[in-house]
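Asker: Could you work out the structure for the sequence below:
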Amino acid sequence: MRIGVLTVSFALPGCRSLKEKRQRLSGLRERFGRHTNVAVCESDHADAHQRAEWSFVATAQSIPLIDQTLTEIEQRILESVDAEVTRFAREMI
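Answerer: Below you'll find the predicted structure:
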């Protein structure tokens, strides 16, 4: 069993409240947590209005399968999230 972690940092310029932040990032957990091999959590900046960090942990039998899953997550985030992605970071465990 292999494990890969994708950490995504977001900037939310003009965001004035935690409620607005949640609305702009809504659906991350629901969209990606449905995958049986992916766990999702807000991993940093929970109390900051204009910053966020989310982590996605994927498991599979091989690193290429994990890479494919994490690449799909990156693409869907870029297409669907109302925030600026400031960093994608991957780590294989």
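Asker: Summarise which helices and strands the lowest-mean-pLDDT helix or strand in the chain is packed against.
Answerer: Each helix and strand of the chain was given a mean pLDDT (mean pLDDT, DSSP states H and E); the minimum falls on helix 28-33 at a mean of 79. The elements that helix 28-33 packs onto, with contact taken as 3 or more Cβ pairs under 8 Å, 6 or more residues apart in numbering; DSSP states H and E, are strand 38-44, helix 63-80. For glycine as for every other residue, the C-beta is placed from the backbone atoms N, C-alpha and C.
Asker: Report the contact partners of the nearest residue to residue 86 once chain neighbours are set aside.
Answerer: Leaving out its chain neighbours, the residue that sits closest to residue 86 by Cβ to Cβ, 6 or more residues apart in numbering is residue 9, at 4.6 Å. For residue 9, the set of contacting residues under the criterion of Cβ atoms under 8 Å, 6 or more residues apart in numbering consists of 51, 52, 53, 85, 86, 87, 89.
Asker: at 7 Å what do you get?
Answerer: For residue 9, the contacting residues are 53, 86, 87, by Cβ atoms under 7 Å, 6 or more residues apart in numbering.
Asker: number of nearby residues for residue 73?
Answerer: 22 (other Cβ atoms under 10 Å).
Asker: what is the rounded mean pLDDT of stretch 78-93?
Answerer: Regarding stretch 78-93, the rounded mean pLDDT is 93.
Asker: can you pull the buried residues of the helix or strand containing residue 9?
Answerer: Here residue 9 sits within strand 2-11, counting by DSSP states H and E. The neighbour-count check on strand 2-11 (16 or more other Cβ atoms under 10 Å) flags 4, 5, 6, 7, 8, 9, 10 as buried.
Asker: Wait, the first one touches residue 71, no?
Answerer: If I follow you right, that is residue 4. No - shown here, residue 4 and residue 71 do not form a contact pair, counting by Cβ atoms under 7 Å, at 10.5 Å.
Asker: closest to residue 66 among the buried residues of strand 2-11?
Answerer: Within the set of the buried residues of strand 2-11, residue 4 lies nearest residue 66; the separation is 3.8 Å, counting by Cβ to Cβ.
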